[in-house]
Structures are given as C-alpha cells and as structure tokens.
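Undergrad: Return atomic coordinates for the entry below.
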Amino acid sequence: MSKKVAIIATASASGEMGGAERFHAGLRNSLGAYDVDAKIVPVIPDESTFQAILQSYLKCYDLDLTMFDGIITTKAPAYVARHPNHVCYLQHTMRYFYDMFDVEFPAADTSLKEQREWVQYLDTASLLSPNIKRVFTIGEEVKDRLLKFNGIHSEVLYQATTLTGFRHGAFDYLFMPGRLHRWKRVDLVIQAMAYVRAPVQLLISGVGEDEAGLKELAESNPRIVFLGRVSDGELLNYYADALAVPFVPYREDFGLVAVEAFHSAKPLITCSDSGEPARMTTAYDAGLICDPTPESVARAIDTLYSSPAIARKLGENGWRHVRGTTWDTTAKTIVKALGFQSHAS
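TA: Residues are numbered from 1 along each chain as shown. Predicted structure coming up:
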C-alpha cells in the first residue's frame with residue numbers, strides 16, 4: 001500500500017511557476033517511483049506585515065495532516081507544521097530576517113530587531129522539534145546560514161532540474177534567465193555591457209518586481225534584449241546556443257540557473273559573493289568568478305568571447321559534474337529519512 005506524504009509548499013499568491021514550484025513538482029514526481037503518494041499542500045503566506053507573518057506561521061501550525069504517513073517541508077513558515085514523521089528539506093528561511101536583514105533594513109529600529117529575534121526563535125524551536133527526523137538543505141550556503149543563525153546542523157542534498165531535453169549548441173550570445181529582482185543583480189550585468197568590447201548580445205528572460213527599472217537602465221544599449229517570460233522549450237534553446245550564462249545574485253541559496261547552464265555545457269559567469277553558484281563554479285571549474293563590479297564582469301565576458309576553446313572546456317566541466325544529479329537520488333534519500341522502504345517500483 002502506498003505511503004501518503006504531504007509536501008507543504010509555500011505558494012505564490014499570483015500562482016506564478018518559479019524555481020520553488022518546480023522544486024516541489026520534481027520532488028512529488030520522483031517520490032512516486034518509490035510507491036509514495038505525494039501530494040503538494042499549498043500554503044500562501046502573507047508577509048505584508050509582521051502580524052501577517054505570525055498569522056502565516058499559525059496557519060501552518062494548525063494544518064491537519066493526520067491523514068498522511070509523513071510530511072516534507074521546504075520553506076518558512078511551513079516547517080512549524082506538526083506531524084510525528086517530518087523531514088525538512090530546507091530551501092530557505094525568511095532571508096530578510098537573516099543574512100539580508102542589514103541589506104534590507106540598514107537603519108533598523110528596536111521594533112524591527114525584535115521582530116527578527118522572534119522569527120529566528122520560532123524557526124529554531126520548530127526545526128529542533130524531535131518530530132523532525134532529518135534536516136536537509138539545498139546547498140552549503142543554506143547549511144552555513146542555518147548553523148550560524150540557528151545553531152542547527154543539516155545535510156546538503158542537491159536538487160536536480162525538472163527540465164529535460166538539454167542540448168549542447170553554438171556559443172553565440174549571453175543568456176541571463178530568472179526572476180528580475182534586486183537580489184539577482186541583473187543590473188550589474190546590464191552595467192557591465194557598457195564595458196564589454198566583444199560584439200555580443202545579452203538576452204534576458206523572465207519577469208519580476210524590478211523589470212521596469214531594469215529596462216530603463218538598459219534602454220540606451222541596443223545589444224540588450226528582454227525576452228519576457230519564455231516557455232520551457234524556448235528556455236532550453238536559449239541555454240543551448242549561449243556563449244555563457246551570467247548569474248550574479250547576492251548570496252544565492254542554490255541557483256537552478258547554474259545547474260541548467262551546466263546541463264547545457266555552458267560556462268557560468270558569477271561573482272565571489274554569489275553564494276552557491278560561486279561554490280559550484282569553483283568546485284567544478286565550470287566558469288569564471290568575478291568581483292561584483294561591472295568592469296570585472298565585462299572582463300569575464302570578453303575573455304570567454306575571445307577564447308571559445310576556454311568557454312567550451314569550462315562548459316564541459318560543468319556538464320560532467322551535474323549529469324549524474326537526478327531526482328531519483330533525492331527521492332531515495334528522502335524516502336529513507338521518512339523511514340519507508342526505498343525500493344523503486
């Protein structure tokens with residue numbers, strides 16, 4: 001008889017399908033091969049005020065999950081959910097109460113600091129629950145943060161991509177996919193293009209809160225093209241024929257963009273403070289690490305354009321490292337952590 005498992009998924013109020021949603025779908029689908037009937041249970045958190053944040057924690061705490069044999073939680077505040085067989089596969093906590101607090105609130109008053117303490121207290125108490133059998137994190141960046149702020153040890157379990165059909169094509173342009181949000185620092189690459197000597201285009205896909213401002217910043221440079229939202233098939237094609245994939249976020253938790261670039265045998269251009277993408281790029285020798293300045297990013301772009309053999313070699317290095325990362329490995333580990341038999345059907 002199949003085991004019933006709930007994946008408690010914090011969902012976007014807009015219904016947008018992003019990296020977190022792909023993560024939940026990949027996890028659900030892969031568990032099915034191990035005779036686990038996994039259901040995504042969406043919870044839409046409200047972070048508009050601190051009182052709303054506390055209500056979101058309470059909403060997860062009050063979930064009735066007794067009909068399931070186990071639960072998997074992935075993001076704040078889902079891990080406050082109660083169940084005697086609970087595995088946390090942590091994507092991230094509410095980062096603006098953690099490593100991004102000083103960035104977002106440089107002049108924080110006593111009230112904001114108290115809110116941060118409350119959130120960190122709730123997270124720590126919840127994640128130390130004896131009902132949580134194992135705590136996994138999606139990367140070293142999240143693992144280090146959890147240890148630094150909450151004193152909690154965890155195990156890194158890299159996720160796979162849900163995309164299939166990657167191919168290795170030409171090396172024609174720069175391709176930068178993802179959410180157009182300030183933490184992703186798309187503006188850094190746009191500014192870098194003013195210093196790039198190579199006759200190469202920058203194609204930017206995705207939507208987000210900062211789209212209008214980024215388009216305004218780029219409007220004087222005809223080499224920069226905004227593609228908007230693209231289909232999975234288009235995404236695969238843009239990856240396949242890219243010279244390189246610039247991905248320069250600030251302290252990124254994981255960075256599926258990096259993994260998908262490597263699957264396409266494309267080198268990554270990232271920054272020394274970009275978190276997990278920088279770790280992967282260094283470990284795999286799969287791209288160039290820059291200082292977070294437009295001039296440094298521009299030099300990396302020019303280097304790869306003028307040395308296609310180097311670009312190809314770095315891309316191949318990345319591909320060799322990620323080709324064995326599958327959702328099956330992830331599912332097998334999670335199933336074992338839940339105490340179920342891990343025999344694939």
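Undergrad: How about Phe23, nearest residue that isn't a chain neighbour?
TA: Closest residue to Phe23 apart from its sequence neighbours, by C-beta to C-beta, 6 or more residues apart in numbering: Gln159 at 6.0 Å. C-beta coordinates here come from the backbone N, C-alpha and C atoms, glycine included.
Undergrad: so who does the one you found touch?
TA: If a contact means C-beta atoms under 8 Å, 6 or more residues apart in numbering, then Gln159 has 23, 26-27, 138, 254, 256, 325, 327, 330 as its contacts.
Undergrad: In helices, which of these appear?
TA: Within these, residues falling in helices by DSSP state H are 23, 26-27, 256, 327, 330.
Undergrad: now these as JSON lines including distance to Asp123, neighbour count and pLDDT?
TA: Formatted as JSON lines, the entries for these read as follows, by distance: C-beta to C-beta, whole Å; neighbours: other C-beta atoms under 10 Å; pLDDT from 0 to 100:
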{"residue": "Phe23", "distance to Asp123": "19", "neighbour count": "25", "pLDDT": "88"}
{"residue": "Gly26", "distance to Asp123": "25", "neighbour count": "19", "pLDDT": "91"}
{"residue": "Leu27", "distance to Asp123": "21", "neighbour count": "24", "pLDDT": "93"}
{"residue": "Leu256", "distance to Asp123": "24", "neighbour count": "23", "pLDDT": "91"}
{"residue": "Trp327", "distance to Asp123": "27", "neighbour count": "20", "pLDDT": "91"}
{"residue": "Thr330", "distance to Asp123": "23", "neighbour count": "22", "pLDDT": "92"}
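Undergrad: would you turn those into TSV with distance to Gly165?
TA: Conversion of the ones in helices among the contacts of Gln159 to TSV gives the following (distance: C-beta to C-beta, whole Å):
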residue	distance to Gly165
Phe23	19
Gly26	15
Leu27	20
Leu256	16
Trp327	15
Thr330	20
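Undergrad: buried set for the lowest-mean-pLDDT helix or strand in the chain?
TA: Of the helices and strands making up the chain, the lowest-confidence element is helix 19-31, at a mean of 88, by mean pLDDT, DSSP states H and E. Judged by neighbour count (16 or more other C-beta atoms under 10 Å), helix 19-31 contains these buried residues: 19-28, 30-31.
Undergrad: average model confidence for stretch 136-154?
TA: Looking at stretch 136-154 alone, the average pLDDT works out to 96.
Undergrad: again with stretch 76-86
TA: Mean pLDDT, stretch 76-86: 96.
Undergrad: before we move on, back to that, which of the residues in the helix or strand that the least confident helix or strand of the chain is followed by are buried?
TA: Reading on from helix 19-31 to the C-terminus, the next helix or strand found by DSSP states H and E is strand 36-43. Of the residues in strand 36-43, those scored as buried under the neighbour-count criterion (16+ other C-beta under 10 Å) are 36, 38, 41, 43.
Undergrad: Does the residue nearest to Phe23 belong to a helix, a strand or coil?
TA: Secondary structure for Gln159, judged by DSSP: H, G, I helix; E, B strand; the rest coil, is coil.
Undergrad: what pLDDT does it get?
TA: Per-residue confidence for Gln159 comes out at a pLDDT of 86.
Undergrad: How about Gln341?
TA: What the model reports as pLDDT for Gln341 is 77.
Undergrad: measure it to Val36 for me?
TA: In this view, Gln341 and Val36 are 10 Å apart by C-beta to C-beta, to the nearest Å.
Undergrad: residues shared between the contacts of the two?
TA: Once C-beta under 8 Å, 6+ apart is applied, the residues that Gln341 and Val36 both contact turn out to be Val335.
Undergrad: Now do the helices in the protein.
TA: With helices called from DSSP H, the chain shows them at 19-31, 50-61, 101-104, 110-127, 140-150, 186-192, 211-218, 232-240, 256-263, 276-284, 294-306, 308-322, 327-337.
Undergrad: what would those helices look like in TSV with distance to Ile269?
TA: What follows is the helices of the chain, written out as TSV (distance: least, C-beta to C-beta, whole Å):
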stretch	distance to Ile269
helix 19-31	19
helix 50-61	36
helix 101-104	22
helix 110-127	33
helix 140-150	18
helix 186-192	8
helix 211-218	17
helix 232-240	14
helix 256-263	10
helix 276-284	9
helix 294-306	5
helix 308-322	10
helix 327-337	27
